[in-house]
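Visitor: Sharing a sequence plus its predicted fold:
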Amino acid sequence: MPQGAIKIAPSILAADFARLGEQVVEAEQNGADRIHVDVMDGHFVPNISLGAVVVEGLRKVTRLQLEVHMMITNPDLFLEEFCEAGSDSFLVHWEGNANLHRTVQRIKALGKGAGVVINPATTAAMLEEILPDVDQMLVMTVNPGFGHQHFLGSTLAKIRRVRELIEQIKPECDLEVDGGIDKKTAALAVTAGANVLVAGTSVFDDGQGVAAAKKQLRSVTNDAWNETHR
Ligand code: DX5
Ligand code: ZN
């Protein structure tokens with residue numbers, strides 16, 4: 001993992017939806033690396049969020065990669081629609097998908113980036129066989145469905161195990177974490193081996209504004225990276 005490789009992906013779930021475009025532009029101007037879009041259907045997780053029309057709107061205001069986190073029961077049904085709307089990559093869950101390999105191949109056939117997500121109760125070992133086929137792995141650091149939750153410290157050991165798997169099998173694969181990432185937990189996750197941080201509340205909703213929040217997150221993660229790799 002090269003120095004300075006920590007990427008920050010603000011999650012729009014915590015943005016002010018009345019000013020969504022404006023907030024995404026602000027995140028881009030302040031050095032966000034990607035925009036994380038959480039799609040929920042009220043079945044796979046007990047919450048409903050947004051659909052492809054929002055990606056279509058965001059596509060007009062940002063050049064950043066739009067990564068779509070599919071928290072829905074049958075992601076295959078909606079891949080094409082989200083592609084046409086302007087999505088760049090998809091994160092699909094291991095849980096509840098009997099044909100995950102097929103879903104990943106569909107994403108790749110559409111020319112998009114593919115990532116696999118595991119929930120807090122799912123072991124790192126489940127990722128081993130699919131790892132050669134994907135560009136990123138995502139370890140949920142909260143139970144999916146809601147923003148503003150507390151980071152689960154028990155996931156740190158798993159982040160370390162997934163990092164080991166990645167180094168053995170596909171070192172160029174990104175390791176992303178999602179949920180409860182703030183200036184304290186970001187450093188812990190990076191030290192454990194994460195190189196992409198999804199951050200909703202700590203970027204869009206911590207009261208200090210997107211610019212200051214991004215700067216602070218960037219600074220603690222760079223420090224953690226330097227500390228871990230010196
Ligand atoms: C939770 C979502 C997260 C969420 C993170 O199901 O996948 O992306 O938006 O939000 P914070 O950073 O507030 O925990
Ligand atoms: Zn997410």
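Guide: Good, I have the coordinates. Residues are numbered from 1 along each chain as shown. Ligands and ions are numbered 1, 2, ... in the order given.
Visitor: So which residues of the chain form strands?
Guide: All strands of the chain, identified by DSSP state E, fall at 7-10, 34-40, 65-71, 89-93, 113-118, 136-140, 174-178, 196-199.
Visitor: Could you say which one of these comes nearest to Asn222?
Guide: Of all these, it is strand 7-10 that lies closest to Asn222, at 10.8 Å by C-beta to C-beta. Glycine gets a C-beta too; all of them are placed from N, C-alpha and C.
Visitor: which residues touch that closest one?
Guide: Applying C-beta atoms under 8 Å, 6 or more residues apart in numbering, the contact partners of strand 7-10 are 24, 27, 31-36, 67, 174, 176, 195-200, 203-204, 210, 214, 217-218, 221.
Visitor: Tabulate the strands of the chain (JSON lines), appending mean pLDDT and distance to Trp225.
Guide: Shown next, in JSON lines, are the strands of the chain (pLDDT from 0 to 100; distance: least, C-beta to C-beta, whole Å):
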{"stretch": "strand 7-10", "mean pLDDT": "96", "distance to Trp225": "11"}
{"stretch": "strand 34-40", "mean pLDDT": "98", "distance to Trp225": "18"}
{"stretch": "strand 65-71", "mean pLDDT": "98", "distance to Trp225": "21"}
{"stretch": "strand 89-93", "mean pLDDT": "98", "distance to Trp225": "22"}
{"stretch": "strand 113-118", "mean pLDDT": "98", "distance to Trp225": "21"}
{"stretch": "strand 136-140", "mean pLDDT": "98", "distance to Trp225": "17"}
{"stretch": "strand 174-178", "mean pLDDT": "98", "distance to Trp225": "13"}
{"stretch": "strand 196-199", "mean pLDDT": "97", "distance to Trp225": "11"}
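Visitor: Sounds good, over and out.
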